[in-house]
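Peer 1: got a structure for you, letters missing:
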Ligand code: SF4
């Protein structure tokens, strides 16, 4: 089984339970359709960063109150802000199946979420190489909604990135990103190499890491 299939199974909530052949076939079909449909886009900018105490961060002129993000960014002097989306075409595909075939729509949702992560992971690996040449190391990405980093900051991030104009990424009044398969995030840049796991803190074995992203609160 491919990694992306395992990811989709995880998003579907199967956990360690074996997935049946029918669902696996649906997952493979969904990926085929999504590979044709998705129009992934990303926009990012690098901003100066200052930590003001243990629960306040200045990202350029934006003041962010978050203890969890402040811990994750400790020791960083800059941060990448990014917005990424699979595009409206993915939403249209999911909407179509939500009317005609609910089981397929659910599987598509899971596969699209996994695909978005895969796309950003790949981008992040390339960015790691680029920054590594300058002696800078990436922390795991930290999205509004993790821990106490409020989703209301999405609006500021989208504005700072000019994301609506650049990649068609906007937000509803209820703070939902549009297109739906999209994320915003901050990624700290530090001269300290701590060897972050490419899949982030949840998959990292360094349980005593001082910068650990802790979403349990
Ligand atoms: S727990 Fe691992 S992935 Fe998370 S900040 Fe520490 S080293 Fe990086």
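Peer 2: Received the coordinates, thanks. The shown structure was predicted, so the numbers you read here are calculated from the model rather than taken from an experiment.
Peer 1: burial of residue 163, as a residue count?
Peer 2: The local packing count at residue 163 equals 27, with neighbours defined by other CB atoms under 10 Å. Backbone N, C-alpha and C define where each C-beta goes, glycine included.
Peer 1: Can you list phi and psi of it for me?
Peer 2: Per-residue torsions, residue 163: phi -70, psi -30 (degrees, to the nearest 10).
Peer 1: Show me where the chain has its helices.
Peer 2: Here the chain has its helices, by DSSP state H, at 3-11, 21-37, 67-73, 88-100, 102-132, 153-161, 163-167.
Peer 1: so which of those comes closest to the ligand?
Peer 2: When the helices of the chain are ranked by distance to the ligand, counting by CB to the nearest ligand atom, first place goes to helix 67-73 at 6.4 Å.
Peer 1: Pull out the buried residues from the closest one.
Peer 2: Within helix 67-73, the residues scored as buried using 16 or more other CB atoms under 10 Å are 67, 68, 69, 70, 71, 72, 73.
Peer 1: Ok, stretch 95-113 next?
Peer 2: Buried-residue list, stretch 95-113, by 16+ other CB under 10 Å: 97, 104, 105, 106, 107, 108, 109, 110, 111, 112, 113.
Peer 1: Pick the most deeply packed of the helices of the chain.
Peer 2: Most buried of the helices of the chain by mean neighbour count (mean count of other CB atoms under 10 Å) is helix 67-73; its value is a mean of 22.
Peer 1: list the helices and strands that helix packs on?
Peer 2: Counting by 3 or more CB pairs under 8 Å, 6 or more residues apart in numbering; DSSP states H and E, the packing neighbours recorded for helix 67-73 are strand 41-51, strand 56-59, strand 182-190.
Peer 1: ok, now with 10 Å
Peer 2: When contacts are defined as 3 or more CB pairs under 10 Å, 6 or more residues apart in numbering; DSSP states H and E, helix 67-73 packs onto strand 41-51, strand 56-59, strand 78-85, strand 182-190.
Peer 1: Turn those strands into TSV, columns for mean neighbour count.
Peer 2: As requested, the helices and strands packed on helix 67-73 are arranged in TSV below (neighbours: other CB atoms under 10 Å):
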stretch	mean neighbour count
strand 41-51	17
strand 56-59	19
strand 78-85	24
strand 182-190	25
